[in-house]
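Q: Here is my input, please return the structure:
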Amino acid sequence: MSPDRWNSRLRAWIRRHTNYPRAAKARRAEGSPSVTFTIDGSGRVLSARLARSSGDPDLDSAALSALQGASVPEPPPELGSRITRTAPFSFALRN
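A: So this is what the prediction gives:
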């Protein structure tokens, strides 16, 4: 798999595993926190930290929770044994 294809799969994985917190939804809170995370060659998330806050602690926590202890799609070997990425998480209410 090419690195571009893997990045696309990673973005899709993040969208599927992002859960809008009920309390934030009830307050009609929206935001886009960013999380910097490191994974190993098998896709296991080794660490995750908030890179940019959304301004809402519930949204920030939900973004971190999606990655902490998770396994994402396995990266292609040419990316190395440890990969660090920063990803935005989007929490937007739809009317």
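Q: Point me to the helix or strand that includes the residue most central in space within the chain.
A: Compute the mean C-alpha point of the chain, and by C-alpha atoms, centre = their mean the closest residue is residue 14, 4.9 Å away. Secondary structure assignment for residue 14, by DSSP states H and E: helix 3-16.
Q: Who are the packing partners of that helix?
A: Judged by 3 or more C-beta pairs under 8 Å, 6 or more residues apart in numbering; DSSP states H and E, helix 3-16 is in contact with strand 82-88. In short, each C-beta sits where N, CA and C put it, glycine included.
Q: now the angle from the strand it packs on to helix 3-16?
A: Relative orientation of strand 82-88 with respect to helix 3-16: 50 degrees, computed using axes from the mean of the first three to the mean of the last three C-alpha atoms, to 10 degrees.
Q: roughly how far is strand 82-88 from the heart of the chain?
A: 9 Å (C-alpha atoms, centre = their mean, to the nearest Å).
Q: Contacts for it next, please.
A: Contacts to strand 82-88, defined as C-beta atoms under 8 Å, 6 or more residues apart in numbering, come from residues 10-11, 14, 32-41, 46, 51, 75.
Q: Selection in ChimeraX covering whichever of those are buried, please.
A: Of the contacts of strand 82-88, the buried ones can be selected in ChimeraX as follows, counting by 16 or more other C-beta atoms under 10 Å:
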select :10,14,33,35,37,39,75
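Q: of all the contacts of strand 82-88, which comes closest to residue 69?
A: residue 46 (9.9 Å; C-beta to C-beta).
Q: Counting neighbours, what do you get for residue 94?
A: Residue crowding around residue 94 was assessed by other C-beta atoms under 10 Å; the count is 3.
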